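S.K.: Here is the input, now give the coordinates:
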Amino acid sequence: MNKLIAAQLDQFRPDMLRFARLQLCDEAAAEDAVQEAMIGALEAADRFASRAQVKTWVFSILRHKVVDIIRYRCREPSVPVADEIAADTFDPLFDETGHWSADQRPADWGDPEQAFESGQFWQTLDACLHRLPENTARIFMMREFLGLDTGEICLELGVTATNCWVVLHRARMSLRLCLQENWFGTAKESTC
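M.R.: Numbers count the residues shown, from 1 in each chain. Prediction:
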């Protein structure tokens, strides 16, 4: 089992580094988090019960390492994060009363659980996340993937709660548009 997991860890390492770099914005800290996660996975390989895929299990370990680093760094001041998506980006989606424009209403996405089971959906979501501005993606992932609360995100990044919520709203809107176009729309073959 250890050799199988060790071989898979080598395959996951680039994705793990990309994830850690985005969250930590520090090459050395990202490398440390990935190394600690890989060591932790190897040390616990004999206890891996195969209730999840190896990649899911390893990323869960990495997620905990990244959260630990972020929480530790919350005690230190950091550089403020600017919002990178313009405020008027989504104006064309709405009419003058603030309601969805007739041609911009969200389409029926069908059965979300079925979509989540699709590997291609996750590839599309990953591609959509990579289209977001770096700081916007970072805040979104801190909230939705790492499960940090707004206060922890604000402490780590030195932003106000209002700014954080605006960035999260714009990230969600951008992801909705990307998924609408590249997954739920007619272009399911494309990945952004």
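S.K.: name the element Thr124 belongs to?
M.R.: Per DSSP states H and E: Thr124 is located in helix 119-131.
S.K.: can you give me the mean pLDDT across stretch 142-152?
M.R.: For stretch 142-152, mean pLDDT rounds to 88.
S.K.: Tell me the buried residues in that stretch?
M.R.: 142-143, 146, 148, 150, 152 (16 or more other Cβ atoms under 10 Å). Where C-beta positions appear, they are placed from N, C-alpha and C, glycine not excepted.
S.K.: In three-state terms, label the residue nearest to the spatial centre of the chain for me.
M.R.: The centre of the chain sits closest to Met141, judged by Cα atoms, centre = their mean, with a distance of 3.4 Å. Classification of Met141 using DSSP: H, G, I helix; E, B strand; the rest coil returns helix.
S.K.: so it sits right up against Leu129, yeah?
M.R.: Yes. The criterion here is Cβ atoms under 8 Å, and Met141 meets it with Leu129 at 7.3 Å.
S.K.: show me the contacts for Gly40.
M.R.: 61, 65 (Cβ atoms under 8 Å, 6 or more residues apart in numbering).
S.K.: Please disregard the earlier target; I meant Glu31.
M.R.: With contacts defined as Cβ under 8 Å, 6+ apart, the neighbours of Glu31 are 17, 20.
S.K.: same thing but 7 Å
M.R.: Contacts for Glu31 (Cβ atoms under 7 Å, 6 or more residues apart in numbering) come out as none.
S.K.: re earlier: quick one: the residue nearest to the centre of the chain from Leu42, how far?
M.R.: Using Cβ to Cβ, to the nearest Å, Met141 is found at 25 Å from Leu42.
S.K.: next one: Gly147
M.R.: Relative to Leu42, Gly147 is positioned 25 Å away (Cβ to Cβ).
S.K.: This protein: helices as residue ranges?
M.R.: Secondary structure of the chain (DSSP state H): helices located at 2-24, 27-43, 54-73, 112-116, 119-131, 134-144, 150-157, 161-179.
S.K.: What average pLDDT does the last one get?
M.R.: Along helix 161-179, the predicted local confidence has a mean pLDDT of 88.
S.K.: coming back round to it: can you list the helices of the chain in a markdown table and add distance to His99?
M.R.: Below are the helices of the chain laid out as a markdown table (distance: least, Cβ to Cβ, whole Å):
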| stretch | distance to His99 |
| --- | --- |
| helix 2-24 | 35 |
| helix 27-43 | 43 |
| helix 54-73 | 38 |
| helix 112-116 | 24 |
| helix 119-131 | 25 |
| helix 134-144 | 25 |
| helix 150-157 | 28 |
| helix 161-179 | 15 |
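S.K.: how does the protein divide into domains?
M.R.: Per automatic domain parsing, the structural domains of the chain span 2-73, 91-184.
S.K.: Residue ranges in this protein under the pLDDT threshold?
M.R.: Residue ranges of the chain with pLDDT under 70: 1-2, 49-52, 74-84, 86-88, 100, 102, 104-119, 184-192.
S.K.: ok, back up a step: looking at the domains of the chain, which is nearest to Ile85?
M.R.: domain 91-184 (4.3 Å; Cβ to Cβ).
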